[in-house]
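J.: Turn this into a model:
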Amino acid sequence: MFISTAPMDFGEVVRVILGRNDFETLIGCEHASSRIAGGLQGFGLDEEASSSHVAWDPGAPDVAQHMARRMAAPLVPGAVSRLVHDCYRPSESPSAMATRSETREIPENRDLSRRARLERIDAVFKPFHETLAGLVKAGAAP
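T.: Residues are numbered from 1 along each chain as shown. Predicted coordinates:
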């Protein structure tokens, strides 16, 4: 069996939907997607689980979009499932790559190597938070 040592392609991990340039509010929605990178093979979840709260917060994107439109605020929704990396959690937290969600075991997150954890932090967590920080910095400019 061949095991690739190349970094996994997580695809798009964060989106930006711009509002006014002079915004006072920035909306982040960490759990806006149930998408799991192809190389992770859907974490073995069936369709029901992958479209449920196990993998994301199904109502959160609509609420965040509504709020962003009402306030003309930029919106930064995550574009990958919280099972890959929960961007709401500190990257060093065990719950950032949870081994259980709701009543489902997530064995693909159990016994992750340090390298696999760092890869997810670099590919998912950092881009999400760097995008938020960049927008805050740009919005705070005089």
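J.: Show me what counts as buried in the lengthiest helix in the chain.
T.: Longest helix in the chain, counting residues (DSSP state H): helix 126-140. Burial within helix 126-140, assessed by neighbour count using 16 or more other CB atoms under 10 Å, is assigned to Lys126, Pro127, Phe128, His129, Thr131, Leu132, Leu135, Gly139. For the C-beta atoms, the positions are set from N, CA and C on the backbone; glycine is no exception.
J.: Could you check the pLDDT of the third one?
T.: Read that as Phe128. According to the prediction, Phe128 has pLDDT 96.
J.: Wait, Arg15 touches Ala79, no?
T.: Yes - in this structure, Arg15 is within contact of Ala79 by CB atoms under 8 Å, at 5.3 Å.
J.: ok so, going back, can you tell me which helices and strands the longest helix of the chain packs against?
T.: In this structure, helix 126-140 packs against strand 75-77, with contacts taken as 3 or more CB pairs under 8 Å, 6 or more residues apart in numbering; DSSP states H and E.
J.: right, and the helix or strand after the strand it packs on?
T.: If you walk from strand 75-77 toward the C-terminus, the next helix or strand you reach (DSSP states H and E) is strand 100-101.
J.: strand partners of that following strand, parallel vs antiparallel please.
T.: strand 104-105 (antiparallel) (DSSP bridges).
J.: tell me which residues of the helix or strand that the strand it pairs with is followed by are tucked away?
T.: Tracing the chain past strand 104-105, the next element assigned as helix or strand by DSSP H and E is helix 114-120. Applying a neighbour-count criterion of 16+ other CB under 10 Å, one finds Arg117, Glu119, Arg120 buried in helix 114-120.
J.: pLDDT score assigned to the first one?
T.: Think Arg117. What the model reports as pLDDT for Arg117 is 93.
J.: That one against Glu92, yeah?
T.: No - in terms of CB under 8 Å, Arg117 does not count as a neighbour of Glu92; the distance is 9.2 Å.
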